[in-house]
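Colleague: sharing a sequence plus its predicted fold:
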Amino acid sequence: MKNINLSCIFLIFSSQSGISAAASFDCNKARSVSEKLICGNSELSALDDKLFDVYKKARELSNNSKEFREEQVTAWKYREQNCADNECVANWYNMRIKHYTQYINKSTGTNVQAEKNS
């Protein structure tokens, strides 16, 4: 019974805190405007989860090449420097999900469709 009560308290607290969990980073360490937006918005957090999944697949297919990593860092820096609202962050996520999905399709010869969320 004690465990159930503690679980209920945790669920109530976490649902009221307004902080979502992002797959690609620790929301407790969010510093930038875009990171804070992602952690405070369940739709952006869901897009982060989707991007994390397609990014991992694309990274594996690239053998984690230097060019692949450099392109990813450039894209991330763009978001950090230019996105200060939910719409911009959502558009950035959808663009990156599409980019990595196309990369996966080209690398594997498949035709997986990127899911759009916004």
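Modeller: Ah, there it is.
Colleague: next up, phi/psi of Gly109, please.
Modeller: phi 70, psi 20 (degrees, to the nearest 10).
Colleague: now do Ser32
Modeller: Dihedral angles of Ser32 (phi, psi; degrees, to the nearest 10) stand at phi -80, psi 160.
Colleague: ok, it touching Asn82?
Modeller: No - with contact defined as CB atoms under 8 Å, Ser32 does not count as touching Asn82 (11.1 Å). Heads up, the C-betas are built off the backbone N, CA and C, glycines and all.
Colleague: could you count how many residues lie near Glu71?
Modeller: For Glu71, the neighbour count with other CB atoms under 10 Å is 14.
Colleague: just checking, Ser45 touches Glu35?
Modeller: No - between Ser45 and Glu35 there is no contact under CB under 8 Å: 10.9 Å.
Colleague: compare those two (neighbour count), which wins?
Modeller: Between Ser45 and Glu35, counting by other CB under 10 Å, Glu35 is the more crowded of the two (21 against 18).
Colleague: excluding its backbone neighbours, what's nearest the more buried one?
Modeller: Spatial nearest neighbour of Glu35, excluding adjacent residues (CB to CB, 6 or more residues apart in numbering): Phe25 at 6.6 Å.
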